[in-house]
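Participant: Okay, sequence plus prediction incoming.
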Amino acid sequence: MPANSDVFAAIADPVRRDILRALAAGDPQRVVDLTAAMARTRRISRPAVSRHLRVLGEAGLVAGEDRGRERHYCLEVGPLDVVSGLVAELSGRRRPPIAASALDALDTEVARTRRDHRARLTRHQEISSPTTEETA
């Protein structure tokens, strides 16, 4: 099994991430197919795609199968568990955003507190202010 650092080093390159995306999208592909798919967004040669596939293979992220004179590559998702685990660990340490329902509840509580406060002030003023009969 490749070292975790191999997986991270392999996915660090944007070209290799594009290759992984292409392989994740469907059936096993040949180097020529991957080169053609990537030619839409960047200039890359078949030997360069082959070198990237070798690095991905060494990291355990792709597997190749010989079919006649051609080699077909497919994605191996197992090693990506290390990446998923790290992302889950790091994102779990963030504070979750405040839900809109919690903010609505806070607004309701603030309005209730204001109303209660005004009601207490009004009662207090009624009790403490003398009526016209008391002053006469």
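Facilitator: Nice, thanks for sending it over. Treat the numbers as computed from the prediction; the structure is a model and nothing was measured. Numbers count the residues shown, from 1 in each chain.
Participant: Ile44 should be in a strand, yeah?
Facilitator: No - read with DSSP: H, G, I helix; E, B strand; the rest coil, Ile44 is coil and lies in no strand.
Participant: how much space between it and Thr35?
Facilitator: Applying C-beta to C-beta, to the nearest Å, the value for Ile44 to Thr35 is 6 Å. Placement of C-beta: from N, CA and C, glycine included.
Participant: can you list residues touching both of these two?
Facilitator: Shared contacts of Ile44 and Thr35 (C-beta atoms under 8 Å, 6 or more residues apart in numbering): none.
Participant: Does Thr35 touch Thr41 like I think?
Facilitator: No - using C-beta atoms under 8 Å, Thr35 makes no contact with Thr41, being 11.8 Å away.
Participant: between the two, which one's more packed in?
Facilitator: Higher neighbour count among Thr35 and Thr41: Thr35, with 18 against 9, using other C-beta atoms under 10 Å.
Participant: list the helices and strands the top helix by length along the chain packs on?
Facilitator: For the chain, the helix with the greatest residue count under DSSP state H is helix 100-128. Applying 3 or more C-beta pairs under 8 Å, 6 or more residues apart in numbering; DSSP states H and E, we find helix 100-128 packed against no helix or strand.
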